[in-house]
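Student: Need coordinates for the following:
(one chain, ligands or ions: 3)
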Amino acid sequence: MAVAPGWLAAQACQRVLKRAFSLHKAHSIKDMENTFQLVKNIIPPLTSKKHKGQAGRIGIVGGCQEYTGAPYFAAISALKVGADLSHVFCTREAAPVIKSYSPELIVHPVLDSPDAVHEVEKWLPRLHALVVGPGLGREDALLKNVEGILEASKARAIPVVIDADGLWLIAQQPTLIQGYRKAVLTPNHVEFLRLLEAVLTDPVDSSDRRGAGLRLSQALGNVTVVQKGEQDVISDGEQVLECNLQGSNRRCGGQGDLLSGFLGVMVQWALHAGPEKMNGFSPPLVAAFGACSLTRQCSHQAFQKYGRSTTTSDMIPEIGPAFSRLFET
Ligand SMILES: NC(=O)C1=CN([C@@H]2O[C@H](COP(=O)(O)OP(=O)(O)OC[C@H]3O[C@@H](n4cnc5c(N)ncnc54)[C@H](OP(=O)(O)O)[C@@H]3O)[C@@H](O)[C@H]2O)[C@@H](O)CC1
Ligand SMILES: Nc1ncnc2c1ncn2[C@@H]1O[C@H](COP(=O)(O)OP(=O)(O)OP(=O)(O)O)[C@@H](O)[C@H]1O
Ligand SMILES: [Mg+2]
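Tutor: Ligands and ions are numbered 1, 2, ... in the order given. As a prediction, this is how the structure comes out:
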């Protein structure tokens, strides 16, 4: 029997949706389609009228002697999801290494210079979002510089995604992002527990992931929190979205770094699209859902090809096909 391609696409879309959503139990497939549609709504069209930079200029703050892979993953994922330019602000030693991974990245060896805050601040007027933390390390001098970079970004109302060692800094000084609604935190399990401990005074049941995420976000003044794990639980202190699209059982390092790069791009797309396209959800919530779905879909596709030997590098060529499958059907 001949089957129309449109019907096949619709079936594939339904399968993805069934895998993707776990909102309230009462949520119907129709609601799910609507939420996926919200992500689709924020994607800027590719047209001949746009110039370089309009789809996104992203900065990654991270990369030190020990860690060069993490900022690379965040920066390349930002480009592959559709940003036009991706900058990395890292230490002097890390820069040549990161440059050697890819000619497409613009790498600034400034993060350990005495003038680091000023050196990054110079670029802020040209950046749409910052991703702070992948491969940053925990050296006091670097964290002090990042503190200044965060203050400068807030003063310019630049959206910031905070991950990895950036979250270590926030756990030491939650006031740095208190009440800044353009901040999105992307903790893994350990990072989430560390933040709970640092921010909440009353005990909280961390096994209730929705409740704990809501509480943490509220305590931080509605900063969006993306709790990564078997399900990703996303909250802005008012609403909760869960993403349980099938990913893979490979837990190789770096998948969270890809997610943070996607989110850096998508959060500025969502803020640019405006609240009227969000159907009552906040732009960072929709962006986070998009970034989580895309990471998990890339992981799923890479695992189908490489199984146990899958590494995060194998996910990078999957970004384009995964994006099309999720958001362009
Ligand atoms: N290629 C590169 O350059 C990469 C560099 N990276 C960079 O490394 C830096 C430190 O980041 P991080 O994620 O390793 O530190 P952190 O969160 O303290 O975890 C440490 C320990 O916590 C545990 N643990 C973790 N997750 C858990 C879970 N879900 N559930 C339970 N336990 C869990 C586990 O320890 P275990 O308990 O197994 O002994 C784990 O070893 C940061 O800059 C980051 O960007 C990475 O991005 C990877 C790719
Ligand atoms: N148990 C799991 N099952 C399925 N997917 C998972 C599981 N744990 C994490 N993920 C997915 O892997 C991605 C990265 O999450 P993870 O918790 O590994 O972040 P991370 O520890 O910060 O990673 P990184 O190694 O980049 O620092 C997210 O998209 C998340 O949904
Ligand atoms: Mg991480």
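Student: For the residue in the stretch 201-329 of the chain that ligand 1 sits nearest to, grab phi and psi.
Tutor: Using Cβ to the nearest ligand atom, Gly253 is the residue of the stretch 201-329 of the chain that sits closest to ligand 1, at 3.3 Å. The way it works is simple: take the backbone N, C-alpha and C, and place the C-beta from them, glycine included. The phi/psi pair for Gly253 (degrees, to the nearest 10) reads phi -60, psi 150.
Student: contacting residues for it?
Tutor: The contact partners of Gly253, by Cβ atoms under 8 Å, 6 or more residues apart in numbering, come to 69, 312.
Student: per-residue confidence at it?
Tutor: Per-residue pLDDT puts Gly253 at 98.
Student: Could you tell me which residues of this structure lie near ligand 1?
Tutor: 67, 69-70, 134-136, 164-165, 188-191, 253-254, 256-257 (Cβ under 6 Å from any ligand atom).
Student: mind redoing it with 8 Å?
Tutor: 62, 64, 66-73, 133-137, 163-165, 168, 188-191, 194, 228-229, 251, 253-254, 256-257, 312 (Cβ under 8 Å from any ligand atom).
Student: Are any of those residues buried, and if so which?
Tutor: 62, 64, 67-73, 133-137, 163-165, 168, 188, 191, 194, 228, 254, 256-257, 312 (16 or more other Cβ atoms under 10 Å).
Student: Now go through these and say which are in helices.
Tutor: Under the assignment DSSP state H, these contribute 69-73, 164-165, 168, 191, 194, 256-257, 312 to helices.
Student: mind giving me JSON lines with those residues and columns for pLDDT?
Tutor: Below are these laid out as JSON lines (pLDDT from 0 to 100):
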{"residue": "Gly69", "pLDDT": "98"}
{"residue": "Ala70", "pLDDT": "98"}
{"residue": "Pro71", "pLDDT": "98"}
{"residue": "Tyr72", "pLDDT": "98"}
{"residue": "Phe73", "pLDDT": "98"}
{"residue": "Ala164", "pLDDT": "98"}
{"residue": "Asp165", "pLDDT": "98"}
{"residue": "Trp168", "pLDDT": "98"}
{"residue": "Glu191", "pLDDT": "98"}
{"residue": "Arg194", "pLDDT": "98"}
{"residue": "Gly256", "pLDDT": "98"}
{"residue": "Asp257", "pLDDT": "98"}
{"residue": "Thr312", "pLDDT": "98"}
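Student: of these, list those near ligand 2.
Tutor: 70, 73, 164, 191, 256-257, 312.
Student: Tell me who's in contact with the closest residue to Gly237 other than its chain neighbours.
Tutor: Distances taken as Cβ to Cβ, 6 or more residues apart in numbering place Ser217 nearest to Gly237, at 3.7 Å, with adjacent residues excluded. Contacts for Ser217 (Cβ under 8 Å, 6+ apart) come out as 223-225, 235-237.
Student: Kindly recompute the last result at 10 Å.
Tutor: With contacts defined as Cβ atoms under 10 Å, 6 or more residues apart in numbering, the neighbours of Ser217 are 185, 199, 223-227, 234-240, 285.
Student: Just the buried residues of the helix or strand harbouring it, please?
Tutor: Using DSSP states H and E, Ser217 sits within helix 209-219. For helix 209-219, the buried set under the neighbour-count rule, 16+ other Cβ under 10 Å, comprises 209-210, 212-219.
Student: which of those lies closest to ligand 2?
Tutor: Arg209 (12.2 Å).
Student: my read: the closest one touches Leu193, true?
Tutor: No - under the criterion of Cβ atoms under 10 Å, Arg209 is not in contact with Leu193, lying 11.3 Å apart.
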